[in-house]
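Peer 1: Starting from these lines, generate the structure:
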Amino acid sequence: MNFLDFLNERQNIEKTRNFNVFQTYTLDSLKKVFDFTKVSSIKKQHNPIRISVVGTNGKGSTSHYLACLFSKLGLHVGLYTSPHLLTPLERFQMVIQGNPNLPTWEKVNQCFENHFLAEIDRYQNLSYFEFLTVFAYCFFAEENTDVEIWEAGLGGRLDATKLVNAEYIVLTKIGLDHAAILGNTKEAICQEKLAIIGDQTLKLFAMDKEVESLNTVFTNRPRAEDVPLFVFACPPKESYLEMNFAYAKEIVSQILPDQKDSLSVMTIADLPKPKGRMEVLANNPLVVFDPSHNPDAILVTTLEFAKTHSKFHLLLGSLPDKDLSGILEVLPENTLESLTLWEGEGFARFPDPEGNLVHRTLRKSSQQEIVPLFQGRTPVLVLGSFRLYGIVANLIQNTIKM
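Peer 2: Predicted coordinates for the structure are as follows:
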């Protein structure tokens, strides 16, 4: 048995969307597995700086920029993110000289054989995300990382990444998503996210707009008396990526104050863009992908794209548990040449849009039906789900070859 075979046997809630399992979920069983792995597998002294990134929107790009900045300063950085676009190897990358690098299957399988295979029964009951989290913890120790960035999954209080016991907690923007699990108000969701604070936490970072709008939650956060809060004053920026880069840069300067001079000359242009975030998949026509999947994020992304493109096609797909009506309500009607709702296997069926979009909306469920989108001249913005990335990337590649 190899790593991928075992991983694919795990229950993957990201695919099944069976969030009912969280009604009685605790971290107790996973903690026992984590503790065993730490004692039995990680022999050498390994005490990197660990940073947990939680929030609703901007976790992935903030994690990316944190990892790249630390790496640019000469540190050996491990980056744990989710979900992945094309391969699960994307979830635990090593960042070298500012560039995230996929681990090799050879290294991954060697780590699996050395530290997991002999005791594989201990890991049989873990979910896909739980096992990846434990594995990445061990893999990073094998790589002797100096810094580790851990992007949380759904929440914080019950997230597997809480068990890495990060010294620094980074909160990104809070929005209404996964309400059935985390709560149906931003206050409740923020409270769940901040519950990732543990007994090792030294400092909490947050943006000023979140602190101002959710002040009571921050005041009553766990360990408020002995975990200081650093509030980042968000300057106006052209894009959410620039905002998250600035946030990450300030965080690194707070953690490594002696590196402020080196950080001061770094710009967003010095780092690679995070994969799948406002990523240009093609140039003729322009096709841009972003995983925005809740009303707040989709509003920001579409308005940002509209600043430079007065008319564009929108290809939108969503998973069934999202706020479908809320997503449709925030779409900028005046700039959309057309709205294509992708409703293929595993995706949600949207309600009927209202207003001017009614006559410009198409519903598609087969890949061949959306090929014409990528053969015209009008820009195409693709939003709503990480799962659309592979579909669109493959279609574009085949369309170009035709």
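Peer 1: What residues sit buried inside stretch 79-95?
Peer 2: Within stretch 79-95, the residues that count as buried by 16 or more other Cβ atoms under 10 Å are 79-85, 88-95. Quick note: C-beta positions are derived from backbone N, CA and C, even for glycine.
Peer 1: Which of the residues you listed sits closest to Phe70?
Peer 2: Of all the buried residues of stretch 79-95, Val95 has the smallest distance to Phe70: 7.5 Å, by Cβ to Cβ.
Peer 1: got a list of contacts for the helix or strand harbouring that closest one?
Peer 2: In this assignment (DSSP states H and E), Val95 forms part of strand 92-96. Outside strand 92-96, the residues within contact range by Cβ atoms under 8 Å, 6 or more residues apart in numbering are 67-68, 70-71, 76-81, 100-103, 132, 135-136, 139-140, 143, 145.
Peer 1: Make a PyMOL selection of the buried ones in those.
Peer 2: The buried residues among the contacts of strand 92-96 can be selected in PyMOL (16+ other Cβ under 10 Å) with this line:
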select buried, resi 67+68+70+71+76+77+78+79+80+81+100+103+132+135+136+139+140+143+145
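Peer 1: Mark which of the contacts of strand 92-96 are part of helices, please.
Peer 2: Using DSSP state H, the members of the contacts of strand 92-96 that fall in helices are 67-68, 70-71, 132, 135-136, 139-140.
Peer 1: ok, those vs Val108, which is closest?
Peer 2: Distance ranking of the ones in helices among the contacts of strand 92-96 against Val108, using Cβ to Cβ, places Phe139 first at 7.2 Å.
Peer 1: could I get the ones in helices among the contacts of strand 92-96 as CSV with distance to Arg360 and pLDDT?
Peer 2: Output for those, formatted as CSV (distance: Cβ to Cβ, whole Å; pLDDT from 0 to 100):
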residue, distance to Arg360, pLDDT
Ala67, 40, 98
Cys68, 39, 98
Phe70, 45, 98
Ser71, 44, 98
Leu132, 41, 98
Phe135, 46, 97
Ala136, 44, 97
Phe139, 47, 96
Phe140, 48, 96
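Peer 1: Distance to Val300 added to these, as a markdown table?
Peer 2: Shown next, in a markdown table, are the ones in helices among the contacts of strand 92-96 (distance: Cβ to Cβ, whole Å):
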| residue | distance to Val300 |
| --- | --- |
| Ala67 | 23 |
| Cys68 | 22 |
| Phe70 | 26 |
| Ser71 | 27 |
| Leu132 | 29 |
| Phe135 | 33 |
| Ala136 | 29 |
| Phe139 | 34 |
| Phe140 | 32 |
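Peer 1: And those residues, which is closest to Gly175?
Peer 2: For the ones in helices among the contacts of strand 92-96, the minimum distance to Gly175 (Cβ to Cβ) is 23.0 Å, reached by Ala67.
Peer 1: how close does the closest one get to Ala269?
Peer 2: Note on Ala67: its distance to Ala269, by Cβ to Cβ, to the nearest Å, is 17 Å.
Peer 1: what does Glu242 give?
Peer 2: 10 Å.
Peer 1: These two: who's more crowded?
Peer 2: Taking neighbours as other Cβ atoms under 10 Å, Glu242 and Ala269 compare with Glu242 leading, 16 against 7.
Peer 1: what about whichever strand or helix holds that one, average pLDDT?
Peer 2: Assigned by DSSP H and E, Glu242 falls within helix 240-255. Here helix 240-255 scores 97 as its mean pLDDT.
Peer 1: Mind giving me the packing neighbours of that helix?
Peer 2: strand 49-54, helix 59-72, strand 168-171, strand 203-207, strand 229-232, helix 260-264, helix 295-306 (3 or more Cβ pairs under 8 Å, 6 or more residues apart in numbering; DSSP states H and E).
Peer 1: Now for the closest residue to Gln11 other than its chain neighbours, how many residues are close by?
Peer 2: Among residues not flanking Gln11 along the chain, Ser127 sits closest, at 4.9 Å (Cβ to Cβ, 6 or more residues apart in numbering). Residue crowding around Ser127 was assessed by other Cβ under 10 Å; the count is 18.
Peer 1: so Ser127 makes contact with Asn12?
Peer 2: Yes - between Ser127 and Asn12 a contact is recorded at 7.2 Å, counting by Cβ atoms under 8 Å.
Peer 1: returning to what we had before: tell me which strands the strand holding Val95 pairs with, and in which orientation.
Peer 2: Neighbouring strands of strand 92-96 in its sheet, by DSSP bridges, are strand 77-80 (antiparallel), strand 99-101 (antiparallel).
Peer 1: I'd like the mean pLDDT over that strand, please.
Peer 2: Averaged across strand 92-96, pLDDT comes to 97.
Peer 1: And stretch 168-179, by the same measure?
Peer 2: Across stretch 168-179, the average pLDDT comes to 83.
Peer 1: chain center to that stretch: distance?
Peer 2: In terms of Cα atoms, centre = their mean, to the nearest Å, the centre of stretch 168-179 is set 11 Å apart from its chain centre.
Peer 1: Quick check: buried residues in that stretch?
Peer 2: Neighbour-count burial for stretch 168-179 flags 168-178 (criterion: 16+ other Cβ under 10 Å).
Peer 1: How about residues contacting stretch 384-392?
Peer 2: With Cβ under 8 Å, 6+ apart as the test, stretch 384-392 has contacts from 83-86, 276, 281, 287, 289, 291-293, 298, 315-319, 322, 327, 342, 344, 346-347, 367, 374, 382.
Peer 1: let's see it at 7 Å
Peer 2: Under the contact criterion Cβ atoms under 7 Å, 6 or more residues apart in numbering, stretch 384-392 has outside partners 83, 85-86, 276, 281, 287, 289, 291, 293, 316-319, 342, 367, 382.
Peer 1: Which ones among those lie within strands?
Peer 2: Assigned to strands by DSSP state E, the following of those qualify: 281, 287, 289, 316-317, 342, 382.
Peer 1: Distance of Ala297 relative to Leu339?
Peer 2: Plainly put, Ala297 is 17 Å away from Leu339 if you go by Cβ to Cβ.
Peer 1: Compare those two (neighbour count), which wins?
Peer 2: Shown here are Ala297 and Leu339; by other Cβ under 10 Å, Ala297 has more neighbours (23 against 20).
Peer 1: From one end of stretch 269-277 to the other, what's the distance?
Peer 2: Counting by Cα to Cα, to the nearest Å, you get 15 Å between the two ends of stretch 269-277.
Peer 1: Thanks a lot, see you next time.
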